[in-house]
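[1] here is my input, please return the structure:
(one chain, ligands or ions: 1)
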Amino acid sequence: MQYAPNKEDCPLPFSPFKSCTVPRPIGWLSTISSDGIHNLAPYSQWQNLTFDPPMVMFAANQYPDGRRKDSVINAEQTGWFVWNMATWDLREAVNKSAMAVASDVDEFELAGVTKADCINAPGARVAESPCHFECSYISTHRLEGNSNAGWVDIVFGKVERIHVADSAITAEGKLDIPGIKPIARMGYYDYTCIQDVFEMRIPGASGEAEDGLEGKA
Ligand SMILES: Cc1cc2nc3c(=O)[nH]c(=O)nc-3n(C[C@H](O)[C@H](O)[C@H](O)COP(=O)(O)O)c2cc1C
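    Have a look, this model is predicted:
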């Protein structure tokens with residue numbers, strides 16, 4: 001089958017679009033409002049953009065009533081947002097933090113997770129999560145949608161500090177991904193959990209190219 005999503009109805013009962021872009025890492029983002037309210041929400045439209053310096057983005061669709069997401073407003077107002085790694089053990093908390101609640105609700109409390117201080121950012125980190133990025137806000141790029149929820153704020157940030165729990169680091173000095181069990185979004189109501197890792201090297205690659213792929217510091 002094939003279809004033109006901007007002109008034709010989808011011939012399937014569910015759109016295949018999100019299910020084709022899998023798995024999407026979850027940007028579990030904590031921010032604080034200018035009134036000091038802690039906010040927490042998952043964003044699967046989240047990615048690293050580049051590494052020197054490390055930069056990231058998340059794309060926040062507006063609410064159906066046209067309001068912009070609190071994570072965007074807070075990042076713009078305070079100049080900071082914090083990424084927390086979403087893991088299998090934290091899956092229920094991640095899900096609860098997606099609930100649409102009033103902006104004066106402390107979503108750490110709602111999700112039942114503990115606040116850990118940041119070093120640079122004004123908000124908090126999820127203490128139970130093994131990895132965090134404290135990100136300074138760069139800019140927002142708004143793209144027009146076909147509906148209120150189609151309008152999207154793409155927020156860019158620079159990673160100013162990286163935290164990794166010692167217990168999540170292998171003897172080799174790499175992240176213990178099968179131990180961490182990060183979760184990722186797929187289509188529909190589906191998620192996956194990363195537990196299998198395999199390694200491949202580019203044939204003949206050496207020097208800086210190879211080091212860059214491996215992430216040599
Ligand atoms: C796993 C997961 C991923 C999500 N990804 C996105 C996303 O990429 N963009 C978005 O606008 N909403 C996404 N949502 C919905 C938001 O988390 C939800 O609207 C949340 O209430 C936004 O909170 P905020 O207004 O406090 O930022 C996602 C929800 C879940 C459960």
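[2] what pLDDT does G204 get?
    pLDDT, the model's per-residue confidence, is 88 for G204.
[3] what about it, how many neighbours?
    Other residues near G204 number 7, with proximity taken as other C-beta atoms under 10 Å. From N, CA and C alone the C-beta is placed, and that goes for glycine too.
[4] got phi/psi on it?
    Per-residue torsions, G204: phi 80, psi -10 (degrees, to the nearest 10).
[5] double-check that V56 belongs to a strand.
    Yes: with DSSP: H, G, I helix; E, B strand; the rest coil as the criterion, V56 is located in a strand.
[6] okay, and the beta partners of it?
    N48, G157 (DSSP bridges).
[7] number of residues surrounding it?
    Applying the criterion other C-beta under 10 Å, we find 21 residues in the vicinity of V56.
[8] pull the contacting residues for K115.
    K115 makes contact with H38, F108, A124, R125, V126, A127, according to C-beta atoms under 8 Å, 6 or more residues apart in numbering.
[9] buried among these? Need that as a selection in ChimeraX.
    To isolate the buried ones among the contacts of K115 in ChimeraX, judged by 16 or more other C-beta atoms under 10 Å, type:
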select :38,108,124,125,126
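[10] inside strands: which ones of the contacts of K115?
    Members of those lying in strands (criterion: DSSP state E): H38, A124, R125, V126.
[11] and which of these is nearest the ligand?
    When the ones in strands among the contacts of K115 are compared for distance to the ligand (C-beta to the nearest ligand atom), H38 wins out at 10.2 Å.
[12] in this structure that closest one contacts D70, no?
    No: applying C-beta atoms under 8 Å, one finds H38 not in contact with D70, separated by 10.5 Å.
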